[in-house]
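K.L.:
I need the structure of the sequence given here:
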Amino acid sequence: MKTNFHTHCQRCRHAFGTEEDYIKNAVEKGLSQLGFSDHAPFPDHDFGNRMPFCELPDYLSTIDSLKQKYDIQLFKGLEIEYFPKYSNYYQQLFDEYKIEYLALGEHFYTTPDGDIKNIYFAESTLDYINYANEICKGIRTHLFTFVAHPDLMFLNRFAWDDNCQKACEIIIECAEKHDMILEFNANGYRRNKNTFPDGERYPYPYMRFWNMVQNTDIRVIVGSDCHEPHQVFDDKVELSYKTVNMLGLNVTDTIF
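P.N.:
Presented below is the predicted three-dimensional model:
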């Protein structure tokens with residue numbers, strides 16, 4: 001079964017195409033399930049690169065209306081960071097906005113000092129520990145269906161060290177304990193290879209992380225993380241499936 005549950009559209013201001021454009025491509029590629037997970041707005045803070053809060057109702061109603069038009073299962077989701085102070089808001093998204101799933105996509109996170117940091121600009125591998133701990137806090141709420149790009153931190157140019165090892169262990173052990181799906185994110189392959197302290201590689205998916213997942217029963221789903229309609233199920237998604245199967249990971253094709 002062909003599926004994808006990590007889909008963005010033009011509402012997030014850094015993707016292209018309408019919801020319908022992605023659906024048309026998914027139907028053309030033979031997908032049976034497509035989940036929309038555009039970057040979620042917060043009601044009182046703009047973190048950037050996401051839809052304005054006022055567009056959220058239209059985003060959801062648009063997907064609802066398109067469910068009646070196409071012969072494909074469509075799901076309403078959002079990719080969102082976990083911040084403890086927004087616990088009521090996450091529940092509201094389910095209860096009032098009728099969201100069908102939340103993907104835990106940690107880009108911004110809270111430090112132990114209460115500051116908000118962006119993992120794209122980690123200052124050292126010590127930040128990876130805090131980042132991993134915040135992901136686990138989100139996992140433990142059971143509000144999220146899968147963790148998007150759990151190895152995103154490795155886009156930073158730091159050499160592998162004990163902090164890297166520990167951060168991976170924190171995420172993997174927590175995911176295994178709480179039966180949380182981890183996403184193998186194809187968008188990292190679209191970023192092409194670069195030179196890092198450990199050699200030439202993609203920023204993510206990061207093989208050291210996934211080699212550790214090999215030793216578990218954690219469910220793994222491939223996510224396109226598409227930002228253009230033609231990426232819904234492109235060669236990078238195919239490469240991702242080839243890689244997870246080569247690694248012998250516990251692959252699932254649906255989150256429902």
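K.L.:
A helix includes residue 51, no?
P.N.:
No: with DSSP: H, G, I helix; E, B strand; the rest coil as the criterion, residue 51 is assigned coil and is not in a helix.
K.L.:
State the distance from it to residue 87.
P.N.:
21 Å (CB to CB, to the nearest Å). Where C-beta positions appear, they are placed from N, C-alpha and C, glycine not excepted.
K.L.:
The two - which one has more neighbours?
P.N.:
When residue 51 and residue 87 are compared for neighbours, residue 51 comes out ahead with 20 against 12, by other CB atoms under 10 Å.
K.L.:
so who does that one touch?
P.N.:
Counting by CB atoms under 8 Å, 6 or more residues apart in numbering, residue 51 makes contact with 11-13, 38-41, 59.
K.L.:
least confident pick among these?
P.N.:
Within the contacts of residue 51, pLDDT reaches its minimum at residue 13, with 93.
K.L.:
Could you check how far that one is from residue 23?
P.N.:
For residue 13, the distance to residue 23 equals 20 Å [CB to CB].
K.L.:
Among the two, which residue is more densely surrounded?
P.N.:
A side-by-side neighbour count of residue 13 and residue 23, using other CB under 10 Å, places residue 23 first with 24 against 12.
K.L.:
was I right about the more buried one contacting residue 34?
P.N.:
Yes: the pair residue 23 and residue 34 qualifies as a contact (CB atoms under 8 Å) at a distance of 6.3 Å.
K.L.:
So for those two, which residues contact both of them?
P.N.:
Applying CB under 8 Å, 6+ apart, one finds that residue 23 and residue 34 are jointly contacted by 72, 74.
K.L.:
What residues does the residue nearest the centre of the chain make contact with?
P.N.:
Central residue of the chain (CA atoms, centre = their mean): residue 148, 2.2 Å from the mean position. With contact set as CB under 8 Å, 6+ apart, residue 148 has these partners: 6, 37, 79, 103-106, 183, 185, 223, 225.
K.L.:
Just those: which are in strands?
P.N.:
Secondary-structure check on the contacts of residue 148 using DSSP state E: residues within strands are 37, 79, 103-104, 183, 185, 223.
K.L.:
Let me know the closest of the contacts of residue 148 to residue 73.
P.N.:
Each of the contacts of residue 148 was checked against residue 73 using CB to CB; the closest is residue 37, at 14.7 Å.
K.L.:
give me the number of residues near the closest one?
P.N.:
Residue neighbour count, defined by other CB under 10 Å, stands at 27 for residue 37.
K.L.:
Then residue 66?
P.N.:
19.
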